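# Give me the fold of what follows.
(chains A and B)
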Amino acid sequence: MNSILKTKKIIKHFDGVKAVDGLSVEIEKGKITGLIGPNGSGKTTLMNLLTGMFPFDGGFVAVDGVSGIKKIRSYDIPAFGITRTFQDVRLFEQMTVLDNILVVLTERNIVSALFERHKKIHHEKAKEVLERVGLWEKKNELAINLSYGQRKLLEIARALAMNSEIYFFDEPFAGLFPEMVKLVSGIIKELRTHGKTVVLIEHDMGLIRELCDYVFVMESGKLLAEGEPEKVLKNKDVIEAYLGE
Amino acid sequence: MEIFIQLILNSLIAGSIYALIALGFNLIFGVVKFFDLGYGAMIVIGAYATFYFTKIIGLNIFLAAALGVLSAGVVGLLVNRFVYQNLRKKKASNMVLLIASLGVFTVLQAVTAILFSSQFKTLSQSVTANVYNIFGGIVTQTQIVIFICAVVIMIALTVMLNKTKFGKAVKAIGDDEEVAKIVGINTNKIIAGVFFIGSAIAGLAGILIGFDTGIEPTMGLKLILKGVIASIIGGIGNVYGGVLGALFLGFVENFGIWKLSGEWKDAIAFVVLILFLLFRPRGIFKK
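Purely as a prediction, here's the structure:
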């Protein structure tokens, strides 16, 4: 397997509760990997650990050839080629739709950034991703004024603007209208076509079947099953733990 | 009528001073979300650094003022780097940061008093100031410079926040610092830049006040309190609201003492603060 991301016995405890309990998974490059399991099984915690939102208490991570990583800090994430969206959308609320995209295209040199305006190339990239999610017309609206679905789409557009190698999507379809679901699933498939890696947390098994090449099933912070969606979703333990709810 | 004109002019000058203080204070509050009382010390440092460079070293007044602004900016940068940044790294609460900033303020004020004594000093070169008559009201050259500086700094900050990459990063951090980090914004560097700029503005305010009325090591507390009141009136963290709040405060204070003794000025300011906290706690401009 040509893996881009591995965890080795990764652990996270919250006040004695094992949210992620010695989990080892391997994510294949250029594929869509589903992360499923009942509520509270540790899916989002795992995503948070891998994107530096929380430090992990034990274990290692390997990202794109860099192995033995014991600590991931949130500001390391872009350097690892990782980007993400959140279960509860997190935007820069007081900024316009366009600025929400332009800000991730900001160069890192603080002195030049003090005086520099965004160049044509940045505006073109922002236009490209906003048109992809159908929000170009809303470019001058404040993010806080968008509808729930539009906010989800803007968050996805921001992730696309990052031009990363690994995309973590935490329930990107939740609360979306059918046409928006179609749009987002199209974007995710497109990312795979371009050789990008997608890790997807999703509760809709139809979408998991449609999109995912491989699935990990979590329960109580541990790995319950893994494999191709069709096989995994027929697994008796999985049905009992998750689908049978 | 002349008194009325004079009160308007006095209100504009006081409002401009408070606006300068509120501009830097709100810029910093916007990204760190705590009341940085240490900011008051930067007003003092700007003023005393200028005093040192011009009265003791003997530098040209403009060069001394520039070095004063720079000194305040650098001290603000260092305080952020060695105190606040380390506390933020340890996930210190805003209350802890507030107490730390009070400590910073007290230490820097004490050091200033030790180095320069607690006596009142003046930055101006001559006893008589150039004065101008505007519709029967009197303003000094320094007061005109204060007004111009407040307008120029406000315009410069507006352009910086809305048009530059740095400004967008500042706004992003103000909205959600954690996400700002995840999308690749170097939040520590941007916050450092904000502290430098904000503290430099505080230093400039201290220098201008020094030319207008004089300096003393305790000047920072009163001024930071006025800056905080102006910020709360305008909507805390809102750079433009702070300017409006500052002008409002300047007018209320000066017109409030029309028929009262000048000693009531501070009491009026705090009554206005309490009224806003009671009836419009999010200020004129709700963010």
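# Can you report how many residues lie near residue 106?
Reading this off chain A. Look at A:Thr106: counted by other CB atoms under 10 Å in any protein chain shown, it has 24 neighbours. Heads up, the C-betas are built off the backbone N, CA and C, glycines and all.
# should've been chain B
Neighbours around B:Thr106, by other CB under 10 Å: 15.
# try A:Ser147
A:Ser147 - counted by other CB under 10 Å - has 11 other residues nearby.
# For chain A, see how far away the residue lying closest to B:Leu247 once chain neighbours are set aside is.
Leaving out its chain neighbours, the residue that sits closest to B:Leu247 by CB to CB, 6 or more residues apart in numbering or on different chains is B:Gly15, at 3.8 Å. As for B:Gly15, its distance to chain A is 26 Å (criterion: CB to the nearest CB, to the nearest Å).
# Could you do B:Ile57 as well?
On the measure of CB to the nearest CB, B:Ile57 and chain A end up 28 Å apart.
# Tell me the secondary structure at the residue in chain A positioned nearest to chain B.
Closest approach between chain A and chain B, counting by CB to the nearest CB: A:Pro78, at 3.6 Å. State at A:Pro78, reduced to three classes by DSSP: H, G, I helix; E, B strand; the rest coil: coil.
# Contact partners for it?
By CB atoms under 8 Å, 6 or more residues apart in numbering or on different chains, the residues touching A:Pro78 are A:162, A:164, B:182-184.
# Now for the spatially closest residue to A:Trp136 that is not a sequence neighbour: which residues touch it?
Closest residue to A:Trp136 apart from its sequence neighbours, by CB to CB, 6+ apart: A:Leu130 at 4.3 Å. Contacts for A:Leu130 (CB under 8 Å, 6+ apart) come out as A:97-98, A:101, A:136, A:138-139, A:157.
# sec struct for A:Leu130, please.
helix.
# Centroid-nearest residue for chain A?
Closest residue to the average C-alpha location of chain A: A:Phe168 at 1.5 Å, with CA atoms, centre = their mean.
# Next, that one: phi, psi?
phi -100, psi 120 (degrees, to the nearest 10).
# Likewise for B:Asn238?
phi -100, psi 110.
# Look up which helix or strand whichever residue of the stretch 51-200 of chain B sits closest to chain A falls in, please.
Nearest residue of the stretch 51-200 of chain B to chain A, counting by CB to the nearest CB: B:Gly184, 3.6 Å away. Counting by DSSP states H and E, no helix or strand carries B:Gly184.
# Likewise for A:Gly195?
Here A:Gly195 is assigned to no helix or strand, by DSSP H and E.
# Could you pull up the residues touching it?
A:29-30 are the contacts of A:Gly195 under CB under 8 Å, 6+ apart.
# if we can go back for a sec, out of the contacts of A:Leu130, what pair is the most spread apart?
In those, two members sit farther apart than any others by CB to CB. They are A:Ile101 and A:Lys138, at 11.5 Å.
# just to revisit the earlier point, tell me the buried residues within the contacts of A:Pro78.
Using 16 or more other CB atoms under 10 Å in any protein chain shown as the burial test, the contacts of A:Pro78 include A:162, A:164, B:182-184 as buried.
# how about the residues of chain B that lie near chain A?
Within chain B, the positions near chain A by CB under 8 Å from any CB of the partner chain are B:160, B:163-166, B:168-169, B:171-172, B:174-176, B:178-187, B:189-190, B:192-193, B:287.
# switch to 6 Å and redo it
B:163, B:165-166, B:168-169, B:171-172, B:175-176, B:179, B:181-184, B:186, B:189, B:193 (CB under 6 Å from any CB of the partner chain).
# part of a strand, is A:Lys18?
Yes: counting by three-state DSSP, A:Lys18 is located in a strand.
# Show the pLDDT at it.
The score at A:Lys18 is 87. That number is its pLDDT.
# Now it: closest residue in space, sequence neighbours ignored.
A:Gly221 (4.8 Å).
# And for B:Val179?
Using CB to CB, 6+ apart, the nearest residue to B:Val179 is A:Arg90, at 4.9 Å.
# Specify the beta-bridge partners of the residue nearest to A:Asp57 when sequence neighbours are not counted.
Excluding the flanking residues, the one nearest A:Asp57 by CB to CB, 6+ apart is A:Ile11, at 4.8 Å. Counting by DSSP bridges, A:Ile11 forms beta bridges with A:Asp21, A:Gly58.
# A:Ile11: what's it in contact with?
A:22, A:57-59 (CB atoms under 6 Å, 6 or more residues apart in numbering or on different chains).
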